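Asker: Here's a sequence, model it:
(2 chains)
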2 protein chains.
Amino acid sequence: MEHLSVTDAQQCILEFVKTLGAEPVRLEQSLGRVLADDVYANRDLPPYDVSAMDGYAVRSADLALVPATLSVIEDIKAGDMPAKTVHAGQCARIMTGAPLPAGADAVIRVEDTRASSETEVQINVAVKPGNDIRLQGEAMRNGDAVLAAGTEITPGISGILATVKSAQVRVHRRPRVAILSTGNELEDIDDPVDPDKIPNSNSYALMAQVQALGIEPDLLGIARDDPAELAEYLQRGLKFDVLLVSGGTSVGVHDYVRPILESLGVQMKFWRVAMKPGHPVAFGVLPGNAGGNSKDTFIFGLPGNPVSSMVCFEQFVSPALRRMMGHARIHRRTISARLTHNLKHQPGRTEFVRVTLKSEEGGYAATSTGAQGSGMLLSMARADGLLVVPSDSAGLAGGSMMAVQLLDGTVFQEDAIFKE
Amino acid sequence: MEHLSVTDAQQCILEFVKTLGAEPVRLEQSLGRVLADDVYANRDLPPYDVSAMDGYAVRSADLALVPATLSVIEDIKAGDMPAKTVHAGQCARIMTGAPLPAGADAVIRVEDTRASSETEVQINVAVKPGNDIRLQGEAMRNGDAVLAAGTEITPGISGILATVKSAQVRVHRRPRVAILSTGNELEDIDDPVDPDKIPNSNSYALMAQVQALGIEPDLLGIARDDPAELAEYLQRGLKFDVLLVSGGTSVGVHDYVRPILESLGVQMKFWRVAMKPGHPVAFGVLPGNAGGNSKDTFIFGLPGNPVSSMVCFEQFVSPALRRMMGHARIHRRTISARLTHNLKHQPGRTEFVRVTLKSEEGGYAATSTGAQGSGMLLSMARADGLLVVPSDSAGLAGGSMMAVQLLDGTVFQEDAIFKE
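Answerer: Numbers count the residues shown, from 1 in each chain, chains lettered A, B, ... in the order given. Sure thing, here's the model as predicted:
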């Protein structure tokens, strides 16, 4: 089998992976989920014409000559209904969000007035009809579809769902994800320290990558390099929607995982991608009902190496999980950044170089975290992003503008960095 | 009181808000939290020199002439300890991560070999000593500080914590946050629909903004415009670390909140910021022990208007909450984007314009979501970012490169957008 390009491997995965069905959740538990249905407005908003300011509701025609003194006939708070009609020479004191009284056609904000007494006010500016009024239905009209199925629930969307009184919403289900590590050399986190063993970091890095997508995965533990034990663990994992297997899919003679998966009915779709780090990475499908699961199960074989495992997760697993949850945005955000130094590269594989980002005039500067050995988990932890070196590149010159995928932890920055 | 600039208001807040104390949490619950202590390596990693590839451990001097045929004396898997020494003319079959046997000084990957039998292999390439070997302690050296206090726990950091067997970690405490809405006009989410009322969206948008920071806030509900009721609600809120009060802090005559807060011991630090949307926004401090709380309580008065409320949260509340949790990165990430159209602006206030972002050659294009009326929560929900218009600007020309703060939902994008 040929090595696939990263893009071809992603497309192969997305041909099989489908968005999951819907379930109801409380609004309070819905952040980050994706709407399964359109959402409709159940009233006009504002429900009537309202004041956009704290001030005075006036007849604009009364202000041909300013300053003008008007008599205050009423005091309208948000939540009150006006009792009186504003006639010539009159006005009403009004609060932001309060209904405009009949007769008035504009609002003057309090800063442009001077109250001479409880019953009189001096208006200092002339305005056009409609000034500082928010019209009935301006924000939302009864019956309109205000949110489309497929919308991710961000804080602003939570506000809209509350506005249309959706105390409960239907969202796409989250996949159930199992994580299995393999290898005789691994020592689990609660095991005593054995200096000859390697700590199992992959299960926990993968766990956190899955958690960062809003999914709580199941850790199945460590399967040893024994066909019967591996088969037993893999069978448990195949009952989930997605099974991540760390290690054990390489081309070496001790590779048990792939043949066992195939013997359990898994159809392997690819197991080689032309990327660095990332070799070997595999993808397979267990068709529905074959594993005690009415839906297909998707299997990702990830490299045992911690950095490779994390990079492969971002390129292949994360888009698949987000697709299953119904997201349209399934790939890591990329920005364009200036490479601060030359970078060696041998043509043949797409390379993901761990970089730190520093903001500079007009954009970002990207600098390699240093040694890119795939055992260097510390350099992955320190990285802000992955700079993508095209597979046909014979090396990059310092100053090149390159695409950098932003990693977790980069949603925020130390300084506000804007010119006020 | 003068209107503060956004930056001055942020600095005022950060003078008072301090990072909270530490608490232990399980590694599985620690994603997004901030380490309160340095973390040290408890062993060398790799624990010995290991193979970086599946292949053969050789003596590089044996490969002066290639192809060379070597006899295979042993089969070393990850987790095994080598039993034999590799002498001249010999090699050992070795798996990625397995310990290098004595006598060998390099690894040849399997792709550069041809196995002629179980006991003989032909090596096709010559290599230098050290080839494809990961040296003991290369990734981590016993006793080294591998993570500094103040580090945010991202998935890569979770992997490192698992590597040093930190099943439990000490992280900074999360602030307890209460959210209170005020106003007679408000109808809560579980109330029946009254067409004359305004649905309470702010509590839920603020809830989601707080949740997006990893904090589960308490919703105190809606206080009506009655001094006794307000005082009761505010007293409850002042028992938290942070109290967000939505509405009720404007300059109008029905403004009860500020004097009641002051009567309860709160020292108001500012209540006017020169920004749009965002007026009015207030910040106060209740010194420790004054509210039944041994720590200071911080009070943010946020505009009743939904968009203004969300924008003020991002500029003022979010940095404060992240500072309390120990984050160094407390501000929204900004990118530089090309404004696709002219934009009107009257000097005097910093304006945050809701924009959508579209990627284009070399960067991003920003386009206003349209009407920027502050009642337009839908336009906030659709926005990818907030474009910052400097307060002294007399308007922006299409084509200008401007800073855009990225909002929630923009961590991912639809297409991978990189050249492979």
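
Asker: Just give me the longest strand of chain A.
Answerer: Scanning chain A for the strand with the most residues, using DSSP state E, yields strand A:350-360.

Asker: Now the element after that one, going C-ward?
Answerer: strand A:363-368 (DSSP states H and E).

Asker: Who are the packing partners of that following strand?
Answerer: Contact partners of strand A:363-368 among helices and strands, from 3 or more C-beta pairs under 8 Å, 6 or more residues apart in numbering or on different chains; DSSP states H and E: strand A:334-339, strand A:350-360, strand A:385-389, strand A:401-406, strand B:334-339. All C-beta spots, glycine's among them, are computed from the backbone N, C-alpha and C.

Asker: do that again at 7 Å, thanks
Answerer: Packing partners of strand A:363-368 (3 or more C-beta pairs under 7 Å, 6 or more residues apart in numbering or on different chains; DSSP states H and E): strand A:334-339, strand A:350-360.

Asker: Nearest to A:Val311, out of these?
Answerer: A:Val311 lies closest, by C-beta to C-beta, to one member of those: strand A:350-360, at 5.1 Å.

Asker: Buried residues of the closest one, list them for me.
Answerer: A:Thr350, A:Glu351, A:Phe352, A:Val353, A:Arg354, A:Val355, A:Thr356, A:Leu357, A:Ser359 (16 or more other C-beta atoms under 10 Å in any protein chain shown).

Asker: ok, now stretch A:229-240?
Answerer: A:Leu230, A:Ala231, A:Tyr233, A:Leu234, A:Arg236, A:Gly237, A:Leu238, A:Phe240.

Asker: Output the residues you listed in CSV; the columns should cover distance to A:Ser263 and secondary structure.
Answerer: Output for those, formatted as CSV (distance: C-beta to C-beta, whole Å; DSSP: H, G, I helix; E, B strand; the rest coil):
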residue, distance to A:Ser263, secondary structure
A:Leu230, 11, helix
A:Ala231, 8, helix
A:Tyr233, 14, helix
A:Leu234, 9, helix
A:Arg236, 15, helix
A:Gly237, 14, helix
A:Leu238, 12, coil
A:Phe240, 19, coil
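
Asker: Now pLDDT and distance to chain B too, for these, in a markdown table please.
Answerer: A markdown table is the format used below for those (pLDDT from 0 to 100; distance: C-beta to the nearest C-beta, whole Å):
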| residue | pLDDT | distance to chain B |
| --- | --- | --- |
| A:Leu230 | 92 | 14 |
| A:Ala231 | 94 | 18 |
| A:Tyr233 | 96 | 16 |
| A:Leu234 | 96 | 19 |
| A:Arg236 | 97 | 19 |
| A:Gly237 | 97 | 18 |
| A:Leu238 | 96 | 23 |
| A:Phe240 | 96 | 18 |
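
Asker: Out of the residues you listed, which is nearest to A:Pro67?
Answerer: Looking across those and measuring by C-beta to C-beta, the closest to A:Pro67 is A:Phe240, at 73.6 Å.

Asker: distance of the closest residue to that closest one other than its chain neighbours from A:Val245?
Answerer: Leaving aside its chain neighbours, A:Phe240 sits nearest to A:Ala178 (4.1 Å; criterion: C-beta to C-beta, 6 or more residues apart in numbering or on different chains). Using C-beta to C-beta, to the nearest Å, A:Ala178 is found at 9 Å from A:Val245.

Asker: between these two, who's got more neighbours?
Answerer: A:Val245 (27 against 23; other C-beta atoms under 10 Å in any protein chain shown).

Asker: for the nearest residue to A:Gly409 once chain neighbours are set aside, phi and psi?
Answerer: Ranked by C-beta to C-beta, 6+ apart and with sequence neighbours excluded, the top spatial neighbour of A:Gly409 is B:Thr154, at 4.3 Å. The phi/psi pair for B:Thr154 (degrees, to the nearest 10) reads phi -100, psi 170.
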